[in-house]
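A.B. asks: Please find the sequence and the predicted model below.
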Amino acid sequence: MQSQDVAPRPRPASAAVPGPEVGVEQAEAALVEHYPRLVRLAYLVLPPSLGRNRRVLTAHALTQRSLPRGRASGDTAVLPAQKSAARDRDGDPGYAYVRLRVLRAALEAGRPLTFRSWPTRAQLPPLLPQVWGLRLFPRSGGADELALDQRLSALSAPARAAHVLRGLEKLADADVRGMLAAAGEADPAAALAEADTVAGPGGAGGADVLSTSPEFDPCSLQARPTDLMRRRQHLKAAVAAVAAVAVCGALLGMPGDGWGPDGAAAPPYARNPAAQAALQPGKLTLVPAAAWESSARTDFSVWPARGELTGDKGLLRRALAVWARPGGSVQVSATPGTPSGAPPGPPQLLYAGVVDQSRVVLMYDGLRIARYAEAKDGTRGAALDFARVDGATTADADTVVLGRSDGNVRYLTAPWVRTAAVRDLLKAPGADGATELTRSADGVTEPFASPALQSGGCRSWNVLELTDRTGTRLSTDLGELTPARLTAGRPAAPRDASAADWSPLACSLADVRGQGVRSVNSWRYARQPLPDASGTADWLCTRTQTWRGGGPRVLAQFHAPGQRYGAVVAKAENASACGSKDPHVLAGVLWKSVKGGWYLLAAGSGDTASVRATGGVSGSAEGNLLAVRAEQGAKAGLKGTLEGGREITGLR
């Protein structure tokens, strides 16, 4: 629970915000200056099962590959906001950028190989650096270092990363969550909870052990020879393998129906009829323009193929090839819980055209939306993005993001959308309403400011307002291919939200950016008369629903009279509260009345029979509302009893 005196300001994002421009030279300078620390970070996050020799070489390789690729001048990185790291490093955006790249690569290298997708570059043994005939490993530490290494080896890679960021980088838990989320981890909170099983940041003196011990220093090494007899046998086998590869390469390079150049795609790894069919532009599924009008389903499966480049076979072939096997220069991203492997068969083409300064292709394989983008003048800087959309309804399939640039976003709308408009939820009541968006004949909207791209404070929050023959819906850009739908009402029967439903809550959406959110519901679960004739307050609960089903975030917000925005007073991760299966919620706040008195206020959902406070504040009340005198800064717990006798605890 949090104390409240004055009206709270909208909360900025705490996980990841667009950072300053980071030039290649700036990133290189940070890499050179902090190279030992970055290599130590990679070494500690990598799984100990690799063995000390490969772990050392992999740590150096990942660190050396952390510079931006294919950027002539600068790169606008998405950097977690960090407030507790060492001042000299934290003030350097170049260091923050390369540190995030190293962390992401080390986590990726620790993921197990599967048969469902090709291995990424980080999961393979490094090409460089290589040391032939020698085994390299750090100097041995003492008993404390050995014990700490054993404890770290028992953790998962995200938990190990959370532990190392706490101990080595001195980051607070909120900053660690931001770093892990920016590195692509689906559940940073679970990683922190697992890291808590190791006492402190390394136990007694653990932070110093991580920072100074030679046991974890991959830049101070010892060398020993490898197995000399086995080396001779391996050399003979390698010569035979090289000869075989040369013969196969010559055969594959001969004229015929072999693999052709595919731009940003990586070299092929396999040839089979199913894989070749999935890469043929002529086999793409093309839905007729009017199919949605007579179809029993109204989702992405009935979107027609649109755009002026749907006949560009070269572009479509490159998009399919990159989807199947993206090269090292391709920027690949996926919402949490979304696989990024090749399509199981020929996908459906949704769009191919020019968007701003890029050629964009949108495809759908029944499970995912894939967006391929390349520069208009070549394939340099190609990007491939995935979003999970299985089980999408009409409301979920209204629109897809086509592109973002200069802080703006463009959408491609469904063929059944009649009008599109943009509305700022933070505009004062009585201000201008929604502004109609111009759309092309293909359904492409004009650009408008995206809340997912704004930096600094929450100064505005634009939502997309779409109308079709069934009604009007609001959705908002949270940094993914599909926007999140905004709903309101009781969890068992949510309805499409209005701007008034979300106006006091809009800035809280910043907390769930980039989490694979499908929808967010807002529900006013209680109204409370305030002590000292201070008016009536509203208690609201917001709950996210993700495409993967799990990982919802629940926020309880307190909206006092005269306040424009609600204040987040409690939150929970992976909680059932405030949902359709468990629509109960209980939360509290320390509040100062108009007469200067401090109170503990608490409210439960309507079927709460009684509420009681424990800890630093004592008190109880029949019904779902509680107001008890308290001291400023008091700490208290909350327990409630439902009408059926079940006990619940307050969100924290």
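C.D. replies: Received, thanks.

A.B. asks: need the strands for the stretch 101-250 of the chain, in chain order.
C.D. replies: 134-138, 221-225 (DSSP state E, counting those that start in this stretch).

A.B. asks: closest to residue 591 out of these?
C.D. replies: Closest to residue 591 of the strands of the stretch 101-250 of the chain, according to Cβ to Cβ: strand 134-138, at 54.4 Å. Every residue, glycine included, has its C-beta placed from N, CA and C.

A.B. asks: quick one on the thing from earlier: buried deepest among the strands of the stretch 101-250 of the chain, which one?
C.D. replies: Neighbour counts (mean count of other Cβ atoms under 10 Å) averaged over each of those peak at strand 134-138, with a mean of 17.

A.B. asks: got a list of what residue 191 touches?
C.D. replies: By Cβ atoms under 8 Å, 6 or more residues apart in numbering, the contact set of residue 191 is 156, 158-159, 161-162, 180, 185.

A.B. asks: how much space is there between it and residue 511?
C.D. replies: According to Cβ to Cβ, to the nearest Å, residue 191 and residue 511 sit 17 Å apart.

A.B. asks: wait, residue 623 sits on residue 606?
C.D. replies: No - taking contacts as Cβ atoms under 8 Å, residue 623 lies outside contact range of residue 606: 9.5 Å.

A.B. asks: For residue 649, the count of nearby residues, please.
C.D. replies: Residue 649 is flanked by 12 other residues according to other Cβ atoms under 10 Å.

A.B. asks: what's around residue 550, how many residues?
C.D. replies: Counted with other Cβ under 10 Å, the neighbours of residue 550 add up to 12.

A.B. asks: Repeat that for the one 4 residues further on.
C.D. replies: Residues within reach of residue 554, counting by other Cβ under 10 Å, total 21.

A.B. asks: now residue 152
C.D. replies: Other residues lying near residue 152 total 23 when counted by other Cβ under 10 Å.

A.B. asks: repeat for the one 10 residues further on
C.D. replies: The criterion is other Cβ under 10 Å. On that basis, residue 162 has 31 neighbouring residues.

A.B. asks: Find the least confident helix or strand in the chain, judged by mean pLDDT.
C.D. replies: Every helix and strand of the chain was ranked by mean pLDDT, DSSP states H and E. The lowest is strand 74-79, at a mean of 42.

A.B. asks: By neighbours, which of the contacts of residue 191 wins?
C.D. replies: With neighbours taken as other Cβ under 10 Å, the top of the contacts of residue 191 is residue 162, carrying 31 neighbours.

A.B. asks: That one against residue 183, yeah?
C.D. replies: No - using Cβ under 8 Å, residue 162 makes no contact with residue 183, being 10.7 Å away.

A.B. asks: thinking again about what came up before, turn the strands of the stretch 101-250 of the chain into a markdown table, columns for mean pLDDT.
C.D. replies: Formatted as a markdown table, these follow (pLDDT from 0 to 100):
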| stretch | mean pLDDT |
| --- | --- |
| strand 134-138 | 72 |
| strand 221-225 | 74 |
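
A.B. asks: what about those strands, which gets the closest to residue 337?
C.D. replies: Residue 337 sits nearest to strand 134-138 of all these, at 36.2 Å, using Cβ to Cβ.

A.B. asks: what about the helix or strand where residue 641 lies, distance to the chain center?
C.D. replies: According to DSSP states H and E, residue 641 maps onto strand 636-642. What separates the centre of strand 636-642 from the centre of its chain is 33 Å, taken as Cα atoms, centre = their mean, to the nearest Å.

A.B. asks: what's that strand in contact with?
C.D. replies: Strand 636-642 is contacted from outside by 1, 584, 586-588, 600, 602, 604, 607-617, 624, 626, 630, 647-650, using Cβ under 8 Å, 6+ apart.
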